[in-house]
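model this:
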Amino acid sequence: MSFTLHPRLLQDCIPVGRFDLCRLLMMNDSLYPWFVLVPEKAGISEIYQLNQTERGLLIEESCYLAENLAALYQADKMNVAAIGNMVPQLHIHHIVRYRTDKAWPGPVWGKFDAVLLTEQQISQHLARIKDRLSALLRPVD
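Next up is the predicted model:
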């Protein structure tokens with residue numbers, strides 16, 4: 001079985017690049033800087049289903065992403081979560097939160113409809129994040 005990205009992630013996200021284990025996506029929602037890591041492993045829905053090496057790599061990639069997002073976007077808090085109730089494919093949300101954002105201090109899920117990014121906003125976010133993560137991020141084939 002080969003890896004394919006879940007259709008809902010394809011619909012809701014913009015491809016950014018890939019790390020050694022995970023594909024990096026940007027959620028198409030201008031309310032929050034919101035990125036998603038998806039381990040490129042077929043048939044995986046839970047972190048414990050990854051082998052020990054992959055788990056370690058997932059944590060390293062997640063921490064690298066969260067640390068850089070926090071610095072780049074000057075986050076008050078980073079929300080990092082693997083929920084998977086709507087999309088069973090393992091994916092980890094990395095959401096930059098501010099005390100002034102619309103959903104603070106609650107979670108972002110189910111609070112407000114997404115406000116789609118403009119083409120200009122997409123270009124700006126992609127340029128910033130690709131530059132910031134250039135040491136480890138590769139293009140998506």
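
pLDDT at the spatially most central residue of the chain, what is it?
The residue lying closest to the centre of the chain (CA atoms, centre = their mean) is residue 36, at 1.5 Å. Each residue has a pLDDT score; the one for residue 36 is 98.

with residue 141 instead?
Turning to residue 141, the model gives it a pLDDT of 76.

contacting residues around it?
The neighbourhood of residue 141, defined by CB atoms under 8 Å, 6 or more residues apart in numbering, contains no residues. Where you see a C-beta, it was placed from the backbone N, CA and C, and this is true even at glycine.

looking at the chain, which helix is longest?
Secondary structure assigned by DSSP state H gives helix 52-73 as the longest helix of the chain.

part of a helix, is the residue nearest to the centre of the chain?
No: under DSSP: H, G, I helix; E, B strand; the rest coil, residue 36 sits outside any helix and is assigned strand.

so how many other residues sit close to the nearest residue to it once chain neighbours are set aside?
Among residues not flanking residue 36 along the chain, residue 25 sits closest, at 4.4 Å (CB to CB, 6 or more residues apart in numbering). The number of residues packed near residue 25 is 24, by other CB atoms under 10 Å.

what sits against the residue nearest to the centre of the chain?
Taking CB under 8 Å, 6+ apart as the contact definition, residue 36 lies against 9, 13, 24, 25, 26, 27, 91, 92, 93, 94.

in which helix or strand does residue 24 reside?
strand 22-27 (DSSP states H and E).

quick one, phi/psi of the nearest residue to residue 46 once chain neighbours are set aside?
Nearest non-adjacent residue to residue 46, counting by CB to CB, 6+ apart: residue 90, 6.4 Å away. Main-chain dihedrals, residue 90, degrees, to the nearest 10: phi -60, psi 130.

you'd agree residue 90 is up against residue 48?
No: Residue 90 is not in contact with residue 48 according to CB atoms under 8 Å; the separation is 10.0 Å.
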